[in-house]
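With the input below, show me the fold.
(one chain, ligands or ions: 1)
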Amino acid sequence: MDEFLLKFFPNVYHKEKNLKEGGSQYCKFNDHMLQLFTSSLYLAALVASFAASITTKAFGRKISMLIGGLIFLIGAVLNGAAMNLGVLILGRLLLGVGIGYANQSVPVYLSEMAPPKLRGALNVCFQMAVTLGILIANLVNYGTSTMKKNGWRVSLVLAAVPAVIMTVGAVFLPDTPNSLIDRGQKEKAKTMLQKIRGTSNVDNEFEDLIIASDMSKQVENPWGNIMKPRYRPQLTVAVLVPFFQQLTGINVIMFYAPVLFKTLGFGDGAALMTAVITGLVNVFATLISIFTVDRFGRRPLFLVGGTLMIICQIAVGSIIASVFGMDGLGTFSKGLGNITVAIICVYVAAFAWSWGPLGWLVPSEVFPMEIRSAGQSINVSVNMFFTFIIGQIFLTMLCEMKFGLFFFFGGFVVIMTFFILFFLPETKGIPIEDISRIWKSHWFWKKYMPADDNTHV
Ligand SMILES: OC[C@H]1O[C@](O)(CO)[C@@H](O)[C@@H]1O
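Numbers count the residues shown, from 1 in each chain. Have a look, this model is predicted:
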């Protein structure tokens, strides 16, 4: 929104206005402060996810959600009231801390509360909520962009709504049985398990939870443990899957869709509307994942999604190259602009049934108990780190690499699709306690598996 740019990023505003008469389209939004504004949130989230793992372990999942909600609320209010760039970025950092706490505690909470046979679908619901949030934010931006004054303030302060829901919700949510056992409250844990399973017959599951908790307490140093050769496959997944998820380039579309569409020559309103369309596609394609992930498995979703993404990235890169060339001079015809948006929608859909949800699901289901907490922290922090990197350098990359940027991300999707093909075993339908057998029978990873070792089962 012009009013926002003029107030906080006047350089970007003037550069954009001057360009209306021509000049390179690739660099008009290249501004380090604008990128810092976008990406500072993820840096804060990365640091907070480690703090959250300590809070979550010591005080329970709901306390972490409560802290996350409250800090997010303060961030939203600061952002809406910001009078200068410093306060704006401070608010953004607090939003990040809230997100770090939420990302760490909510998936753990969900998977501990879920009955085992619903765990996959419920886990994908986490990403479903992420995509719904993005869509609502895009709609809010579309609505507030037409306000004469202070549209940006309304847009930013409305982040307080989910913050209040989360804070109040956390007060009323019960704690998970796993967390209660971990904190020595066995009786309470059993009553809770009976309540959430809807039956008094929970002895077997309760026994398993006690054993799992005892086992995890025996592991003195999960961080040292996860570095052992026998956990190499899991460590590889915990690092590479979130890294690859971000290197699909999805957040270029999610963060900068309006900017990208403006670069393609759409007006302000049309650019925001197009961002709403990609947001809708994102939500509906995530639904596809919920309904197919336990039927077809993870690998087919990854492989079909990856292949489609590669095709779309090559197509978008080629179209932009043909219109803007190397010097960034040129204008999109209406027809070609629409075709480009359609291709971007296919790309978003392919991501939303594959790397989006599976980027969270797959790492969370491959760790044996004794390294689960460490593995999950690695997963979240690698994800946040690369979200930060992409947020921080995208506008500069677009300016420097031009249309080549799309080939750059497309190249990464080629690599990750081959990684899935050769190195990721199928985890569909395998009970989490038996998960180590997928590595023992894998052509590559079996060499890391001690044949007679059962401690990690
Ligand atoms: O749906 C897109 C969103 O999904 C994620 O890749 C994972 O939650 C986010 O980084 C991104 O903004």
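
Give me the distance between stretch 201-210 and the centre of its chain.
Offset of stretch 201-210 from its chain centre (C-alpha atoms, centre = their mean, to the nearest Å): 33 Å.

Can you tell me what sits against that stretch?
Residues outside stretch 201-210 that contact it (C-beta atoms under 8 Å, 6 or more residues apart in numbering): P177, N178, I181, K186, A189, K190, L193, Q194, R197, E433. Using the backbone N, CA and C atoms, a C-beta is placed for each residue, glycine as well.

same deal with stretch 65-79?
Contacts of stretch 65-79 (C-beta under 8 Å, 6+ apart): 52, 55, 87-88, 90-102, 105-106, 109, 156-160, 162-171, 173.

and with 7 Å instead?
Here stretch 65-79 makes contact (C-beta atoms under 7 Å, 6 or more residues apart in numbering) with 55, 87-88, 90-92, 94-95, 97-98, 101-102, 105-106, 156-157, 159-160, 163-164, 166-167, 170-171.

What number of residues are in the vicinity of the nearest residue in space to R437 that is not next to it in sequence?
Of all residues not flanking R437 in the chain, I430 sits nearest, at 7.4 Å (C-beta to C-beta, 6 or more residues apart in numbering). By other C-beta atoms under 10 Å, the residues close to I430 number 15.

Assign a three-state SS to I430, would you?
Using DSSP: H, G, I helix; E, B strand; the rest coil, the structure places I430 in coil.

Which pLDDT value does the model give it?
On pLDDT, I430 comes in at 76.

cool, N454 as well?
N454 is given a pLDDT of 50.

And for the residue lying closest to N178 once chain neighbours are set aside, the neighbour number?
Leaving aside its sequence neighbours, N178 sits nearest to E112 (C-beta to C-beta, 6+ apart; 4.6 Å). The number of residues packed near E112 is 16, by other C-beta under 10 Å.

do T146 as well
By other C-beta under 10 Å, the residues close to T146 number 11.

quick one: what helix or strand has the nearest residue to it once chain neighbours are set aside in it?
Distances taken as C-beta to C-beta, 6+ apart place G269 nearest to T146, at 7.3 Å, with adjacent residues excluded. Assessed by DSSP states H and E, G269 sits inside helix 268-292.

Need the contacts of stretch 201-210 in TSV (columns: distance to V259 and neighbour count).
Formatted as TSV, these follow (distance: C-beta to C-beta, whole Å; neighbours: other C-beta atoms under 10 Å):
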residue	distance to V259	neighbour count
P177	46	28
N178	43	23
I181	48	21
K186	54	15
A189	49	23
K190	53	20
L193	49	22
Q194	52	16
R197	48	14
E433	47	12
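
Surely N123 touches E112?
No. Assessed by C-beta atoms under 7 Å, N123 is found out of contact with E112, at 11.3 Å.

Look up phi and psi at the nearest residue to V97 once chain neighbours are set aside.
Closest residue to V97 apart from its sequence neighbours, by C-beta to C-beta, 6+ apart: A48 at 4.3 Å. The phi and psi values for A48, taken as degrees, to the nearest 10, are phi -70, psi -30.
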